[in-house]
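S.K.: Please work out how this folds:
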Amino acid sequence: MMRGSWKIRIIIGLLIAGYTYWQYNSSKEVNKYTGREQAMALEPQEEIAMGLQSRNQMAQQHGGLYPDESAQQTVDRVGKRLVDSSMAAGSEYVYEFHLLADDQTINAFALPGGQIFITYALFSQLETEDQLAGVLGHEIGHVLGRHSSERIADAGLWEGLAQAGSVGADMGGMIANMGQNKLLTNGRDDELESDDLGIRFMMKAGYDPYQMMQVMEILKASAGPNRVPEHKSTHPDPDNRMEKIEASIQKYKTELGL
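M.R.: Sure thing, here's the model as predicted:
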């Protein structure tokens, strides 16, 4: 009886794993903005709806919007210039740029569908509009890279595989840990892809891409000497990012004839 039960568990686990993997592969498509094949959990209109639904909550978590209208207009102007001069202008997404009142957290982030945020803590550290363009261009890259949709799909894959492992062989915890490590790796890849796209957008809009190096220095300084090791972080180390940014600048100098 025990042997028969074990075999049934194995079969059920394999069925769950097989269905999960089939579902994941069925969601793959080529991203028309990057040319990269990705698994997608959301359609573009669903991404837009998710971003709009979460927009106000995100702002509230960071103290609301920064009250200086002049500063917000600067963010809007730079963001619009980046969008209008790039492939973002022809996308389904509607871009809105928000300057958050948070003066303690050095951060910028994008929600699916075009909602982009920068904290005043980071904005106040930037010395030029070119640096601001680097930050916003990177976040536009996340939107066009459809990274949120892809990460939701990836999380679903590993959740299903962990469930299969738990049912079939009491290996759910081990598989979940493997998935967590893979998701961290994928997150770092997202950052590098967004850096690359952001450099392209900066150069197309006429901004100095080398100013993105100073943004990396700001991020590096904000993390301090005890920053999380790269392999445990969702973000690559700033020094490694700077190497990739330099390579992207040289690539787009040739590609764009600049």
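
S.K.: Name the spans of the stretch 1-150 of the chain whose pLDDT lies under the cut-off.
M.R.: 1-6, 8-15, 17 (pLDDT under 70).

S.K.: which residues in the stretch 51-200 of the chain form helices?
M.R.: 69-84, 120-123, 129-145, 147-169, 172-205 (DSSP state H, counting those that start in this stretch).

S.K.: Turn those into CSV, columns for distance to residue 249 and mean neighbour count.
M.R.: Every C-beta, even on glycine, is put in place using the N, C-alpha and C of the backbone. Converted to CSV, these look like this (distance: least, CB to CB, whole Å; neighbours: other CB atoms under 10 Å):
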stretch, distance to residue 249, mean neighbour count
helix 69-84, 16, 17
helix 120-123, 22, 22
helix 129-145, 11, 25
helix 147-169, 22, 19
helix 172-205, 6, 18
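
S.K.: Dump these to a markdown table, plus distance to residue 216.
M.R.: Below are the helices of the stretch 51-200 of the chain laid out as a markdown table (distance: least, CB to CB, whole Å):
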| stretch | distance to residue 216 |
| --- | --- |
| helix 69-84 | 18 |
| helix 120-123 | 12 |
| helix 129-145 | 9 |
| helix 147-169 | 19 |
| helix 172-205 | 9 |
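
S.K.: and of the ones you listed, who's closest to residue 92?
M.R.: Checking the helices of the stretch 51-200 of the chain against residue 92 by CB to CB gives helix 129-145 as the closest, at 10.2 Å.

S.K.: What helices and strands are in contact with the closest one?
M.R.: helix 69-84, strand 108-110, strand 115-119, helix 172-205, helix 211-223 (3 or more CB pairs under 8 Å, 6 or more residues apart in numbering; DSSP states H and E).

S.K.: for those, which one sits closest to residue 238?
M.R.: helix 211-223 (4.0 Å).

S.K.: And the contacts of the closest one?
M.R.: 106, 122, 125-128, 130-131, 133-135, 138, 195, 198-199, 202, 227, 238-239, 241-242, 245-246 (CB atoms under 8 Å, 6 or more residues apart in numbering).

S.K.: what is the rounded mean pLDDT of it?
M.R.: Summarised as a single mean, pLDDT over helix 211-223 is 91.

S.K.: in that helix, what's buried?
M.R.: By 16 or more other CB atoms under 10 Å, the buried positions in helix 211-223 come out as 211, 212, 213, 214, 215, 216, 218, 219.

S.K.: Could you list which residues are in contact with the residue nearest to residue 34 when sequence neighbours are not counted?
M.R.: Among residues not flanking residue 34 along the chain, residue 145 sits closest, at 5.9 Å (CB to CB, 6 or more residues apart in numbering). With contacts defined as CB under 8 Å, 6+ apart, residue 145 is in contact with 31, 33, 34, 190, 193, 194, 197.

S.K.: Which two among the residues you listed are spaced furthest apart?
M.R.: Greatest spacing in the contacts of residue 145, by CB to CB: 33 and 190 (13.7 Å).

S.K.: Please report how far residue 111 lies from residue 18.
M.R.: 33 Å (CB to CB, to the nearest Å).

S.K.: Look at the two and report which has more neighbours.
M.R.: Using other CB atoms under 10 Å as the criterion, residue 111 and residue 18 rank with residue 111 on top: 24 against 12.

S.K.: Can you verify my assumption that the more buried one contacts residue 48?
M.R.: No - look at residue 111 against residue 48 with CB atoms under 8 Å: they stay out of range, at 9.5 Å.
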